[in-house]
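> next comes the sequence, and after it the predicted model I'd like to discuss.
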Amino acid sequence: MRRSDAMENAIELRALRKVYAGQGGGEDKVALEGLDLDIPQGSIFGLLGPNGAGKSTTINILAGLTNKTSGSVRIWGFDQDTNPRMSRASIGVVPQELNVDPFFSPRGALEVQAGLYGVPKSQRRTDQILAKVGLLDKAEAYARTLSGGMRRRLLVAKALVHAPQVLVLDEPTAGVDIELRQMLWDYVRELNDAGTTIILTTHYLEEAQQMCDRIGIISQGNLVACDDTVNLLARMDRKALVVTTDGTDVPALPEGVRGQRREDGSLVLSYRKSAHSAMDLLDHLRNQGVVIRDMATEEPDLEDVFREITKSA
Ligand SMILES: Nc1ncnc2c1ncn2[C@@H]1O[C@H](COP(=O)(O)OP(=O)(O)OP(=O)(O)O)[C@@H](O)[C@H]1O
């Protein structure tokens, strides 16, 4: 099938199913139950889910590293089955594991990768990419002498040699220090601004909230939520009132309101926006004789959304 010109999605998954065969008479494992997922062109899309949800399986199928059991995968409008060459050329994947060939220098590794993808010598941008990821001064170093952070950057560079329209990063900042994380995100934003669609998985929900304009949540092989980040947050009916009080106990609270002391001693009241207001709760506390020194309200974050959605799923 040909690439459709009216394409708006960088990725389209339909009824994507993956069953891992049980080893040595063990039970089969259904990792993806039949995933339907659209990832819009130009987005920074976060694929989230608890451990074992099926994120890596999805990414490995996109990368062509794992065979799907059934369903269809379209990358940049190219069907993976009927147009494997073009669909593969449209995507670059930065794997989770820091596997780099210890005997290649970064420059050598990029040249080999470019060869694998059939990038003609005249079109290679090896040193430009190395400079972008801050590895130009290490271009000739043995990969085995690179630090973890440098290896991560080398893997990003490798995924970019064929200038893919879609870049997938599987847990790119796991175990990465703050400085490198910032540099990585700056670069990812730069690539996105230049038109690359970004898909990432991360366990840092705060990071996903900051980086991703759209988020899909997988749980037990099913897509349980998929929406723009702002909509996901707005969907939450929860809010929190944080008060500094004189006492240290948690007073009696109206039904449906959860109260908890934080380590700093502040009292957090978590409530449904549709059922209570901060003003009601302040009145309630005062009526109980609680002396309030300071107050603030907090909107829900992605952590709350994630907890709520995966709990009900
Ligand atoms: N090669 C395999 N053989 C058998 N089962 C597998 C294999 N790979 C993954 N699984 C199982 O499939 C399910 C989904 O795994 P997957 O690695 O896709 O989850 P994940 O969302 O990436 O998890 P994590 O956040 O822990 O990386 C899990 O139950 C896992 O144990």
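Arrived safely, thanks for sending.

> dump the helix or strand that contains Ala234 to PDB, keeping only the CA atoms.
Using DSSP states H and E, Ala234 sits within helix 229-235. The C-alpha coordinates for helix 229-235 follow below in PDB (Å, rounded to 0.1, in the frame of the first residue of the first chain):
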ATOM      1  CA  THR A 229      -1.900  16.400  28.400                       C
ATOM      2  CA  VAL A 230      -4.000  19.400  29.400                       C
ATOM      3  CA  ASN A 231      -7.200  17.500  28.800                       C
ATOM      4  CA  LEU A 232      -6.000  14.600  30.900                       C
ATOM      5  CA  LEU A 233      -5.200  17.000  33.700                       C
ATOM      6  CA  ALA A 234      -8.500  18.900  33.400                       C
ATOM      7  CA  ARG A 235     -10.400  15.600  33.500                       C
END
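
> can you mark which positions in whichever helix or strand comes after it are buried?
Following helix 229-235 in sequence order, the next helix or strand is strand 238-245 (DSSP H and E). By 16 or more other Cβ atoms under 10 Å, the buried positions in strand 238-245 come out as 238-243, 245. C-beta here means a position set from N, CA and C on the backbone, and glycine is covered the same way.

> farthest pair within those residues?
The span of the buried residues of strand 238-245, defined through Cβ to Cβ, is set by Arg238 and Thr245 at 21.2 Å.

> related to what we said a few turns ago, need the buried residues of strand 238-245 in TSV (columns: pLDDT and distance to Asp38).
Putting those into TSV (pLDDT from 0 to 100; distance: Cβ to Cβ, whole Å) gives the following:
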residue	pLDDT	distance to Asp38
Arg238	84	28
Lys239	90	31
Ala240	92	33
Leu241	95	38
Val242	96	38
Val243	95	43
Thr245	90	48
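
> circling back: residues in contact with the helix holding Ala234: which ones?
46, 208-209, 212-215, 225, 227, 299-302, 305 (Cβ atoms under 8 Å, 6 or more residues apart in numbering).

> how far does it sit from the chain's center?
Centroid displacement of helix 229-235 relative to its chain, using Cα atoms, centre = their mean, to the nearest Å, is 16 Å.

> and it, average pLDDT?
For helix 229-235, mean pLDDT rounds to 88.

> next one: stretch 195-212
91.

> picking up where we left off before, give me the buried entries from the contacts of helix 229-235.
By 16+ other Cβ under 10 Å, the contacts of helix 229-235 give 46, 208-209, 212, 214-215, 225, 300, 302, 305 as buried.

> for the chain, which segments count as helices?
Along the chain, the stretches classed as helices by DSSP state H are 55-62, 84-89, 106-116, 126-132, 148-160, 178-193, 205-211, 229-235, 278-287, 302-312.

> give the other helices and strands that the second one contacts.
Translated: helix 84-89. strand 70-75, strand 78-79 (3 or more Cβ pairs under 8 Å, 6 or more residues apart in numbering; DSSP states H and E).

> the ones you listed: which one's closest to the ligand?
Taking Cβ to the nearest ligand atom as the criterion, the ligand comes closest to strand 70-75 out of the helices and strands packed on helix 84-89, the separation being 15.0 Å.

> adjacent strands (with direction) for that closest one?
strand 9-20 (antiparallel), strand 78-79 (antiparallel) (DSSP bridges).

> state the distance from the residue nearest the centre of the chain to Ser219.
Centroid check for the chain by Cα atoms, centre = their mean gives Thr201 as the closest residue, at 2.8 Å. Distance, Thr201 to Ser219, using Cβ to Cβ, to the nearest Å: 14 Å.

> wait, isn't Glu8 in contact with Ile39?
No: using Cβ atoms under 8 Å, Glu8 is not in contact with Ile39, being 10.3 Å away.

> comparing the two, which shows the higher neighbour count?
The residue with more neighbours, out of Glu8 and Ile39, is Ile39; 24 against 11, by other Cβ atoms under 10 Å.

> how's this protein carved up into domains?
The chain breaks down into these domains under automatic domain parsing: 9-233, 236-300.

> briefly note if the first one comes near the ligand.
Yes: for a cut-off given as Cβ under 6 Å from any ligand atom, domain 9-233 has contacts with the ligand, namely 20, 29, 31, 49, 51-57.
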